[in-house]
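[1] Pasting the sequence and the predicted model now:
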Amino acid sequence: MRIETVTTDITVIGGGLAGLCAAIAAARMGKSVALVHNRPVLGGNSSSEVRVWVCGATGHGVNRYARETGIMGELFLENQIRNMEGNSYLWDLTLLEAVLAEPNLSLYLNTDVHEVHAEGPEDERNIHSVTGWMMGSERKIEFRSRLFLDCTGDGLVGALAGAKYRIGRESRAEFNEPWAPEAADDITLGSTLLFYTKDAGEPVRFIPPSFAKDITQTSIPLRRIIRSGDNGCAYWWIEWGGELDTVHDNERIRDELWAVIYGIWDYIKNSGKFEAENLTLEWIGSLPGKREYRRFIGDYTLTQQDILTQRPFEDRIAFGGWSIDLHPPGGVYAEEQGSKHWFADGIYHIPYRSLYSVNVNNLLFAGRNISATHVAFGTTRVMATCAILGEAAGTAAALCAANSVTPRELGQRHLSELQQTLLRQDASIIGLRADDPDDLAPKATVYASSTLTAYAPSGPIDPIPLEADHGILVPVDGRLTGLELLTGCSETTVLTAELYHTGRKENYVPHERIQTVEIRLIPGERTWVPIPLDWTPEEACNAFIVVKANPHVTLYTSAQPLTGVLCFRKGATPIVSAEYGDQQPPQPVQQWSAAPYARRPLCFRLATGHTLDPGKVTDGFNRPFGGPHCWVSEALAEGETAWIELQWDQEVPIREIHLTFQDDVNEDLINLHHHRTPFQVMPELVKDYRIVANTASGTVEIAEHRNNRKRKNIHRLDSPISATSLKLMIEATNGSPRAEIVEIRVYPS
């Protein structure tokens, strides 16, 4: 046996998406990082060993403009290019290469940490080191650091260090949560195994093992959806063990899940109810995907009310948007439906105080073990949310090391530094404006070759019967007036339109009605009809225009998406969890679906006002919030170059340039096989560009980039230059007819 010691600034234990993003974030800030993972591949539940979809704030497209940016956003875009087919092994590769690209990061796979050296009284503990055994290599490795991050999911490291934690469900009275049980208990969400099938091209028989479950003797065929062509996470409901101890009973849970899977497959192959003669099993998981175990106690515990009221914490460092998604204790054998969901009206915010231990001074955590109640955990547990929590925790750890403070002291004395650092890295803190004193861009005047000044349809136009209420969301920066709608009409009728404020700037559903108008229509096709709405809000925001259902009216869709515009169709009935209607109101984000009009908006005409002006690239917002917050050019002719320029009153030193391109965070991306987009690269991303500067010696080109596929690029010059202007020349996009830029930052060093 070899005994080794590794000393770094920061040790991250757990190589799921939370730990991976934490380690990358800290390493990019110049800190030495050890990433320790007890499996042979990275990714945790998303890896090829378990194969769970990476879901996040989009809620499979329910929430608008909600896809994660920062490191998780980079991984989504890179996987989109490499892995359109959703191959789980290529996802493993994407994650591995992201880690190997960081020179300050050392990776230790197959290393199971099960010893922790911590000292101090119960309320003032400090971790000095953790020790792991590298399987297959006979290496016992001690990791010494100033800061430790428990991203293990199960929370073993923190527990061994003496960190306070909870397991199970709190009582309803403790946090006044409607979805909590009357009495506290030890019940958690269960674990899941998945399986893949394939068509063998010829008949394949299946002889079930002796331990296979006869599912006809259970409620499974009646209560769950079974289809012969489904794979992977379509069977998320193969869940069990929530009434057991999901860690200590892990082997028992795995065996039961295997019995269920083979029983389901026996039912599909041999019951005669499915066309499955040529189907065979391709893969069955052997590592149960755990949903829940320890949840650490931090200085703040996130609750159900925080989620549903979208509480805008002063110390917010990340966001979520998945529903509060809870499952019945009986799992696959439960008589109830497999899950119940409660969406807020939009994304919600997560505070920094939920990411560090209340009693271990140098311990942070990220992932499903953060400080949250069982009910709130029902939404924070999904992996893309865990990933951005990891980036926040890793960034915080690096700042703690740099400032020689504890995680708590960082929040008390350096909160703004943490938040502004995250924004500089293109992480998302919804509604927080960048305020970086080192950034020279806000001091410049911004000009552009052109700006899109009016929304109008383009491309082929298709009719849509107005058999349900429809919605058009548009940004308003100034006055909303002059709206025209393309309509058809079969007989004389009255069309009703309603104007709503969305309430919060991070929400995209109707909230407060401002105005109602009625328009008389006469028979005709493709007629532009003025909608006499008139509204001047106090500040820039989104307007939601409801066009009421009318059986005599036709609307039209166009083929080209419009930045800042969303269109919706309202469902016929409110969507609620029928069996769990306890104090649960209708959920507007589910009632108003944008899916029917993804990248095909309704045909209307409207002036954009100041919504898409070039000054938006320095306004401090790196994603939509009460408007799109980006510059958009007019449509470009073939071979035409668009440009945007920053001009200063005097020469400024330039050493580093940050460019954030439009990648349409409304587009729902996923790592595996839930759905595909028709493009490998986001069309709105700038593809080819150059950067030129006006210096005392004339105009010089300082950077050129071809075939860009990323949302954010940073250009560092070998030595600073002095310039009075900086111009970004956009020569091609990845498919959009317009050039679009979200943010430009300029730094002297």
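    Perfect, thanks for sending it.

[2] So the nearest residue to P209 once chain neighbours are set aside versus Y508, what's the distance?
    Excluding the flanking residues, the one nearest P209 by CB to CB, 6 or more residues apart in numbering is Y262, at 5.6 Å. Yep, even glycine has a C-beta here, placed from its N, CA and C like the rest. Relative to Y508, Y262 is positioned 44 Å away (CB to CB, to the nearest Å).

[3] ok, the two, which is more surrounded?
    The neighbour count for Y262 versus Y508, taken as other CB atoms under 10 Å, is higher for Y508 (27 against 21).

[4] Now for the closest residue in space to the more buried one that isn't next to it in sequence: which residues touch it?
    Leaving aside its sequence neighbours, Y508 sits nearest to R64 (CB to CB, 6+ apart; 4.1 Å). Residues in contact with R64 (CB atoms under 8 Å, 6 or more residues apart in numbering) are 346, 473, 508, 566, 589, 594, 666.

[5] is it true that R64 lies in a helix?
    No. Membership of R64 in a helix is not supported by DSSP: H, G, I helix; E, B strand; the rest coil, which gives coil.

[6] Use 49 as the first number for this chain going forward.
    Got it, the first residue is 49 from now on, which makes the last one we talked about R112.

[7] The closest residue to R272 other than its chain neighbours: what's it in contact with?
    Counting by CB to CB, 6+ apart, R272 lies nearest to W285, which is 5.4 Å off, once chain neighbours are set aside. Each residue near W285 by CB under 8 Å, 6+ apart is listed here: 240, 272, 380, 386-387.

[8] switch the cut-off to 7 Å
    If you count contacts by CB atoms under 7 Å, 6 or more residues apart in numbering, W285 has them with 272, 380, 386.

[9] which stretch of helix or strand covers it?
    For W285, there is no enclosing helix or strand under DSSP states H and E.

[10] Strands of the stretch 99-248 of the chain, start to end?
    Assigned by DSSP state E, counting those that start in this stretch, the stretch 99-248 of the chain shows strands spanning 153-156, 159-167, 174-182, 187-192, 195-198, 213-214, 239-240, 243-247.

[11] May I have the strands that pair with the last one, each with its orientation?
    The reference is to strand 243-247. Applying DSSP bridges, strand 243-247 is found paired with strand 327-332 (antiparallel).

[12] What lies in contact with the next helix or strand after the partner strand?
    Moving toward the C-terminus from strand 327-332, the next helix or strand (DSSP H and E) is strand 337-338. By CB under 7 Å, 6+ apart, the residues outside strand 337-338 that reach it are 93, 98, 100, 201-202, 239-240, 294.

[13] dump the residue contacts of S136.
    Applying CB under 7 Å, 6+ apart, the residues near S136 are 96, 99, 720.

[14] contacting residues for the second one?
    Just to be clear, that refers to R99. By CB under 7 Å, 6+ apart, R99 lies in contact with 136, 242, 280, 333, 720.

[15] tell me which of those is nearest to I355?
    Closest approach between the contacts of R99 and I355, by CB to CB: L720, at 26.1 Å.

[16] Need the per-residue pLDDT for the closest one.
    Confidence at L720, expressed as pLDDT, is 90.

[17] mind listing what it touches?
    With CB under 7 Å, 6+ apart, L720 has these contacts: 99, 101, 134, 136, 139, 280.

[18] Just those: which are in helices?
    136, 139 (DSSP state H).

[19] which regions of the stretch 649-797 of the chain sit below the pLDDT cut-off?
    Along the stretch 649-797 of the chain, the model assigns pLDDT under 70 to no residue.

[20] Isn't T428 up against G368?
    Yes. Counting by CB atoms under 7 Å, T428 does reach G368; the two are 5.6 Å apart.

[21] Which neighbours do these two have in common?
    Common neighbours of T428 and G368 are listed as I398 (criterion: CB under 7 Å, 6+ apart).

[22] Would you mind listing the outside residues contacting the worst-scoring helix or strand of the chain on mean pLDDT?
    Within the chain, no helix or strand scores below helix 268-271, which has a mean of 90 by mean pLDDT, DSSP states H and E. The contact list for helix 268-271, computed with CB under 7 Å, 6+ apart, reads 263, 315, 380, 383.

[23] Could you verify my assumption that the first one touches I312?
    Okay, so that is I263. Yes. I263 is within contact range of I312, at 6.0 Å (criterion: CB under 7 Å).

[24] Export the helix or strand where A441 lies to CSV, keeping only CA atoms.
    Using DSSP H and E, A441 falls within helix 431-451. C-alpha atoms of helix 431-451 as CSV (Å, rounded to 0.1, in the frame of the first residue of the first chain):
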residue,chain,number,x,y,z
MET,A,431,-28.6,18.4,-11.5
ALA,A,432,-28.3,21.6,-13.5
THR,A,433,-29.4,23.5,-10.4
CYS,A,434,-26.9,21.5,-8.3
ALA,A,435,-24.2,22.4,-10.9
ILE,A,436,-24.7,26.2,-10.6
LEU,A,437,-24.7,25.9,-6.8
GLY,A,438,-21.4,24.1,-7.3
GLU,A,439,-20.0,27.0,-9.3
ALA,A,440,-21.1,29.4,-6.5
ALA,A,441,-19.6,27.3,-3.8
GLY,A,442,-16.4,26.8,-5.6
THR,A,443,-16.1,30.5,-6.3
ALA,A,444,-16.8,31.3,-2.6
ALA,A,445,-14.1,28.8,-1.5
ALA,A,446,-11.6,30.5,-3.8
LEU,A,447,-12.5,33.9,-2.4
CYS,A,448,-12.3,32.6,1.2
ALA,A,449,-8.8,31.4,0.4
ALA,A,450,-7.8,34.7,-1.2
ASN,A,451,-9.2,36.8,1.7
